[in-house]
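S.K.: let me see the structure of the following:
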Amino acid sequence: VTREGQIEERLGIHCVGTIPLVVAKRKDRKRPLHLSIHNKKVGTPFIESFRGLALAVRDGMGDGKILLVTSAKDGEGCSTVATNLANALADLGHRVLLLDGNFHRGASQGPGLESYLCGPATLPAFPPAEEKKVLMKLSVSRPLSREKLPRARARLGALLTAAREQMDYVIVDAPSCRHFAA
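M.R.: Got it, this is the predicted structure:
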């Protein structure tokens, strides 16, 4: 697939948007470029593509508030897409929960979600309804063991139900599909 139109032709799925490739300038190649819509160095096409994607999601999702972002294999930019889409929706004035759904690895950002998923903690407190333009991030700070995963999955449903009621959008940054292969 080399063009947007081929996605529907060859794969039979609707393309919501495309994100351009961002290449660091020659002098900046030693330092990795932070691919964020809030980083002006990435360029206008990258930033505007996420604004367009956020508008397409907002206009096309109807009542569905939970969006799962995944990829075929690790390293394809799934987390970059999920994070920038969440930021773009929040920039439009929406209340967004970005949930790191990869419980097999710890994350450096966001509060430790494992205390709710695996322990006695109650649901995380969501911001008050009158507060607009909110981006809330939740992730596990350390990987969950195989023994803890069944309880975590069971409690995840309650978290998603509460988030659906209190937030405009819930974006789940899921692990790549290779983690789900039998």
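
S.K.: give me the secondary structure label for the closest residue in space to residue 136 that isn't next to it in sequence.
M.R.: In this structure, residue 136 finds its nearest non-sequential neighbour in residue 97, 5.0 Å apart by CB to CB, 6 or more residues apart in numbering. To be clear about C-beta, it is placed using only N, CA and C from the backbone, and glycine gets the same treatment. Secondary structure state of residue 97, per DSSP: H, G, I helix; E, B strand; the rest coil, is strand.

S.K.: ok so residue 138 is a strand residue?
M.R.: Yes: checked against three-state DSSP, residue 138 lies within a strand.

S.K.: touching, it and residue 99? I think so.
M.R.: Yes: here residue 138 lies in contact with residue 99, judged by CB atoms under 8 Å, at a distance of 5.2 Å.

S.K.: neighbour-wise, which of these two wins?
M.R.: residue 99 (24 against 21; other CB atoms under 10 Å).

S.K.: how near is the more buried one to residue 136?
M.R.: 9 Å (CB to CB, to the nearest Å).

S.K.: please apply the same query to residue 95.
M.R.: With CB to CB as the criterion, residue 95 and residue 136 are 8 Å apart.

S.K.: likewise residue 88?
M.R.: With CB to CB as the criterion, residue 88 and residue 136 are 15 Å apart.

S.K.: residue 60 now?
M.R.: In this view, residue 60 and residue 136 are 23 Å apart by CB to CB.

S.K.: contacting residues for the residue nearest in space to the middle of the chain?
M.R.: In the chain, the centroid-proximal residue (CA atoms, centre = their mean) is residue 82; its distance is 2.7 Å. Applying CB atoms under 8 Å, 6 or more residues apart in numbering to residue 82 gives the contacts 69, 98, 171-173.

S.K.: could those residues go into JSON lines alongside neighbour count and distance to residue 16?
M.R.: Output for these, formatted as JSON lines (neighbours: other CB atoms under 10 Å; distance: CB to CB, whole Å):
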{"residue": "69", "neighbour count": "19", "distance to residue 16": "11"}
{"residue": "98", "neighbour count": "25", "distance to residue 16": "18"}
{"residue": "171", "neighbour count": "26", "distance to residue 16": "13"}
{"residue": "172", "neighbour count": "19", "distance to residue 16": "16"}
{"residue": "173", "neighbour count": "23", "distance to residue 16": "17"}
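
S.K.: widest-spaced pair of those?
M.R.: Spanning the widest gap among the contacts of residue 82 are 69 and 98, at 9.7 Å by CB to CB.

S.K.: could you tell me which residues touch both of those two?
M.R.: By CB under 8 Å, 6+ apart, the residues touching both residue 69 and residue 98 are 82, 171, 173.

S.K.: in CSV, list these along with secondary structure.
M.R.: Formatted as CSV, the shared contacts of residue 69 and residue 98 follow (three-state DSSP):
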residue, secondary structure
82, helix
171, strand
173, strand
